[in-house]
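Participant: what follows is a predicted protein model with its sequence.
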Amino acid sequence: MVKLIVHAPTPAALARARRNVVNLLAADPDAEIELVVNGEGAGAALESPDPSTDKYLLVCANSLAASGVPAPVGTRTVGAAVLHIAQRQADGWSYFRA
Amino acid sequence: MVKLIVHAPTPAALARARRNVVNLLAADPDAEIELVVNGEGAGAALESPDPSTDKYLLVCANSLAASGVPAPVGTRTVGAAVLHIAQRQADGWSYFRA
Amino acid sequence: MVKLIVHAPTPAALARARRNVVNLLAADPDAEIELVVNGEGAGAALESPDPSTDKYLLVCANSLAASGVPAPVGTRTVGAAVLHIAQRQADGWSYFRA
């Protein structure tokens, strides 16, 4: 089964990443996906919610703290996106930088 | 043997990716390479052919349809770049985002 | 143990990558890290030293030659960043494009 991290560290990458997630789900509805946002991508994701892909969103807590953007209730976070992405690959996930 | 996906989702990344492919071939002439372009990288690749690397080019069909740029006869495509890249890594390929 | 390549091919990616390395070390002080810079990221790394992350720096020799920026004594280089990154993943390292 496809297991993929889609990574977006900038607002431009976030826009691409959301299209990538939609395209991946269309091609493989069973794909396991995490859309990991950090840096300026984290604030951008929270400021512009996207109903079609936000269920896959994982926000870097380090970046959130730095951005000052409040995370809505229910936002899923990881402590450090960079560590999470390293560990997922070690667990056999593929990686895609949008 | 080196098997590498070089991924370019933007025109700037495409320019870097083409240099990366040339450098990789110089360092390892036997490397197996796919230069996967999607998003705005797809249209840019077709609008500016590159004889030295186009034999490695794989264009995302989703992106092609969105760009409106006609693909020349012989252009190799993949249905969804994001799925192809996920699967290649699951098959043991390395990944490089230009 | 976490083994991660952090890749920065542009000055903007370099700025992100240096924060990523600091965050990774804070989350996992034992992580094995290489901060690989190529393209315009290589010249930027040498022109703006960063005492907190430069011990992890690996500079692409191809890019150095093209940039004309002299490498300080002690700078660690790899022949072709693209080949190094492909090989590291084949050896089990994870990859993070900043």
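Facilitator: Thanks, I have the structure now.
Participant: not counting the longest helix seen in chain A itself, show me its contacts.
Facilitator: If you go by DSSP state H, chain A has its longest helix at helix A:11-27. The contact list for helix A:11-27 (Cβ atoms under 8 Å, 6 or more residues apart in numbering or on different chains) reads A:2, A:4, A:6-8, A:31, A:33, A:35, A:37, A:40-41, A:44-45, A:50, A:52-53, A:56, A:96-98, B:9-10, B:38-39, B:62, B:79-83, B:86. Where C-beta positions appear, they are placed from N, C-alpha and C, glycine not excepted.
Participant: ok, stretch A:73-83 next?
Facilitator: Against stretch A:73-83 from outside (Cβ under 8 Å, 6+ apart): A:7, A:9, A:36-38, A:46, A:57-64, A:71, A:84, C:2, C:4, C:6, C:20-21, C:23-24, C:26-28, C:31, C:96.
Participant: for A:Ile33, what are phi and psi?
Facilitator: phi -130, psi 140 (degrees, to the nearest 10).
Participant: contacts only, for the closest residue in space to it that isn't next to it in sequence.
Facilitator: Leaving aside its chain neighbours, A:Ile33 sits nearest to A:Tyr56 (4.7 Å; criterion: Cβ to Cβ, 6 or more residues apart in numbering or on different chains). Contact analysis of A:Tyr56 by Cβ under 8 Å, 6+ apart lists A:6, A:21, A:33-35.
Participant: A:Tyr56 and A:Lys3, how far apart?
Facilitator: From A:Tyr56 across to A:Lys3, the span is 12 Å (Cβ to Cβ, to the nearest Å).
Participant: need the residues touching each of those two.
Facilitator: Residues touching both A:Tyr56 and A:Lys3 (Cβ under 8 Å, 6+ apart) are A:Ile33.
Participant: C-terminal to the lowest-mean-pLDDT helix or strand in chain A, what's the next element?
Facilitator: When each helix and strand of chain A is scored by mean pLDDT, DSSP states H and E, helix A:61-67 comes last, with a mean of 88. Following helix A:61-67 in sequence order, the next helix or strand is strand A:77-78 (DSSP states H and E).
Participant: adjacent strands (with direction) for the helix or strand containing A:Glu34?
Facilitator: Assigned by DSSP H and E, A:Glu34 falls within strand A:32-37. Take DSSP bridges as the rule and strand A:32-37 pairs in its sheet with strand A:3-8 (parallel), strand A:57-60 (parallel).
Participant: got the angle for that strand vs helix A:11-27?
Facilitator: 170 degrees (axes from the mean of the first three to the mean of the last three Cα atoms, to 10 degrees).
Participant: which of the residues in strand A:32-37 are buried?
Facilitator: Under the neighbour-count criterion of 16 or more other Cβ atoms under 10 Å in any protein chain shown, strand A:32-37 has A:33-37 buried.
Participant: which SSE is immediately downstream of that strand?
Facilitator: helix A:40-47.
Participant: what is that next one packed up against?
Facilitator: In terms of contacts (3 or more Cβ pairs under 8 Å, 6 or more residues apart in numbering or on different chains; DSSP states H and E), helix A:40-47 is packed against helix A:11-27, strand A:57-60, helix A:61-67.
Participant: recalculate using a threshold of 6 Å.
Facilitator: helix A:11-27, helix A:61-67 (3 or more Cβ pairs under 6 Å, 6 or more residues apart in numbering or on different chains; DSSP states H and E).
Participant: quick check: which of these is buried the most?
Facilitator: Across those, the average number of neighbours (mean count of other Cβ atoms under 10 Å in any protein chain shown) peaks for helix A:11-27, which reaches a mean of 21.
Participant: that one: how far from the chain's middle?
Facilitator: 10 Å (Cα atoms, centre = their mean, to the nearest Å).
Participant: between helix A:40-47 and it, find me the angle.
Facilitator: Using the same axes, to 10 degrees: helix A:11-27 against helix A:40-47 is 70 degrees.
Participant: quick one, grab the pLDDT at A:Pro70.
Facilitator: A:Pro70 is assigned a predicted lDDT (pLDDT) of 78.
Participant: next one: the nearest residue in space to it that is not next to it in sequence from A:Val69, what distance?
Facilitator: Of all residues not flanking A:Pro70 in the chain, A:Leu46 sits nearest, at 7.7 Å (Cβ to Cβ, 6+ apart). Distance from A:Leu46 to A:Val69, counting by Cβ to Cβ: 5 Å.
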